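*Asks:* everything below, folded, please.
(chains A and B)
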2 protein chains.
Amino acid sequence: MMDDLSPAVLTPLADAPVEAPIEAAAPESLDPETFAAPSGHELATQLVAKLCHDFISPAGAIMSGLDLLEDPSAQDMKQEALNLISTSAKKLVTLVYFARVAYGAATTSEAFSGKELNKILSDVFGSMRAELDFDIPADTLFPKPAARALVNLGLIAGNSLPTGGRAHIETRRDDDTIYFTAEATGPRARLKPEAIEGLSGKPLSDGLQGQWIQPHWLWSVVKEAGGTLDFLAEPEHLTFNIKMPL
Amino acid sequence: MMDDLSPAVLTPLADAPVEAPIEAAAPESLDPETFAAPSGHELATQLVAKLCHDFISPAGAIMSGLDLLEDPSAQDMKQEALNLISTSAKKLVTLVYFARVAYGAATTSEAFSGKELNKILSDVFGSMRAELDFDIPADTLFPKPAARALVNLGLIAGNSLPTGGRAHIETRRDDDTIYFTAEATGPRARLKPEAIEGLSGKPLSDGLQGQWIQPHWLWSVVKEAGGTLDFLAEPEHLTFNIKMPL
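*Replies:* Residues are numbered from 1 along each chain as shown, chains lettered A, B, ... in the order given. Next up, the predicted model:
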């Protein structure tokens, strides 16, 4: 898949190691040095803020469902209330399991199978419009950093298809390197400016931090592992390539 | 309060700025330089792992409650099931609100009142054995870093009283400095070794990372703000002091 991409049409970052110097696009008020290695504090707080934002919606929906259950004037809504509680609880559990692999630490010996990662991503896609095409054998084993990159890549591919479409994910490896390719195909396939900055290792110049942090996190996971990440935007089609040492 | 403490009985770190060099107690396999400024990546993953661990228990309890509700052989348990769902959902919302202030980013202009912080901590203490004695006026305003230190301090004080007791928290400020003091008084008041290492700015030498990360986070919050943190362990009585520039 990666070999099919013509370098000429790739984004400027294509084939460049993610450790490449931050480009001049960064606002002058941001110190590129500071940014390139943001304080552990800042990265952690931004990630937790995003998680809290994600969690509060289903948690609040469960509370609303419980209120509805106890409302004497809404006795005909009991089943709807239970459905709301059930749907929201499942969404919450899905989010926690996703977060554990995508953002959380685990013992270094931990590895994930294709089957487990497919399940985690499929559950997340359950509340998205895009369809997941997880083209990876169930018994393939992924070490933690690769698993983390894979689920974050899948989320970005799904999020880039707001009106639906198909997110195809595949992997291949040679002796000491693992490659991931995600293709997002759909009528409104697009990356928000925040996501482009995040994926490119650039600071957020404008827009919403909550839209920037997860793409930035993927970039940071790949960079931490000594790998590279590039992406290509064509009409109705996005391609993402990740290369990481095994 | 702080002035009453005799330096002679304080821990070795008392009155020392938290930026003090890491002591030789660190295992040799850990590079103190690396540790003193852990990668943003590592701090973030450890914090998220702790959050996921905290969240999964009530989220799982909600799922169990729903299963029980739908079980035809447990029709006499409906009220218990609803109670379990309700209690767990409240716990989850409490955790998310706590996490947002304690660990999450927010706009720098955000400030919190004593009333808000009292509510956040009181809710967390709702599932602990210790009682909270929040001795801070409701209308006192705290900038974000101070608010973050305060709720983390409160959690540590509560967690150090596993069989119950009283966690008293107070604050004072002068021109450009804010001081927090927490006193944990109870029959089994104690700090786990992991918590002592975390609060002292030392790496985890042994034990559970999940017990270390939150105390370490408090240390890191205080350090990031240019403040100092010390604590004193006496029988049935722990005292924590924080000093931060305003």
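*Asks:* from here on, contacts and neighbour counts on C-alpha atoms
*Replies:* Will do.
*Asks:* what about the helices in chain A?
*Replies:* A:32-36, A:40-70, A:78-102, A:114-125, A:144-159, A:193-199, A:209-224 (DSSP state H).
*Asks:* what packs against the second one?
*Replies:* Helices and strands touching helix A:40-70, as assessed by 3 or more CA pairs under 8 Å, 6 or more residues apart in numbering or on different chains; DSSP states H and E, comprise helix A:78-102, helix A:209-224, helix B:40-70, helix B:78-102, helix B:209-224.
*Asks:* tell me which residues in it are buried?
*Replies:* For helix A:40-70, a neighbour-count test (16 or more other CA atoms under 10 Å in any protein chain shown) marks A:40-56, A:58-63, A:65-66, A:68-69 as buried.
*Asks:* what does chain A have sitting close to chain B?
*Replies:* Counting by CA under 8 Å from any CA of the partner chain, chain A comes close to chain B at A:37-50, A:52, A:55-56, A:59-60, A:62-63, A:66, A:86, A:89-90, A:92-93, A:96-97, A:99-100, A:103-106, A:220-221, A:224.
*Asks:* where does the prediction get shaky in chain A?
*Replies:* A:1-40, A:106-109 (pLDDT under 70).
*Asks:* now do 90
*Replies:* Chain A contains residues with pLDDT under 90 at A:1-43, A:70, A:74-75, A:104-110, A:206-210, A:246.
*Asks:* among the helices of chain A, which is nearest residue B:154?
*Replies:* Checking the helices of chain A against residue B:154 by CA to CA gives helix A:40-70 as the closest, at 18.9 Å.
*Asks:* in TSV: the helices of chain A, plus distance to residue B:189.
*Replies:* Output for the helices of chain A, formatted as TSV (distance: least, CA to CA, whole Å):
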stretch	distance to residue B:189
helix A:32-36	41
helix A:40-70	29
helix A:78-102	32
helix A:114-125	41
helix A:144-159	38
helix A:193-199	45
helix A:209-224	39
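*Asks:* which one of those helices lies nearest to residue B:184?
*Replies:* Going by CA to CA, the one of the helices of chain A nearest residue B:184 is helix A:40-70, 27.2 Å.
*Asks:* now the closest one and helix A:78-102, what's the angle there?
*Replies:* Per axes from the mean of the first three to the mean of the last three CA atoms, to 10 degrees, the angle that helix A:40-70 makes with helix A:78-102 is 160 degrees.
*Asks:* residue A:66 against residue A:81, yeah?
*Replies:* Yes. Counting by CA atoms under 8 Å, residue A:81 is a contact partner of residue A:66 at 7.0 Å.
*Asks:* can you count the residues close to residue A:197?
*Replies:* For residue A:197, the neighbour count with other CA atoms under 10 Å in any protein chain shown is 23.
*Asks:* that one reaches residue A:212, doesn't it?
*Replies:* Yes. Between residue A:197 and residue A:212 there is a contact under CA under 8 Å: 7.1 Å.
*Asks:* which residues do the two both contact?
*Replies:* Shared contacts of residue A:197 and residue A:212 (CA atoms under 8 Å, 6 or more residues apart in numbering or on different chains): residue A:204.
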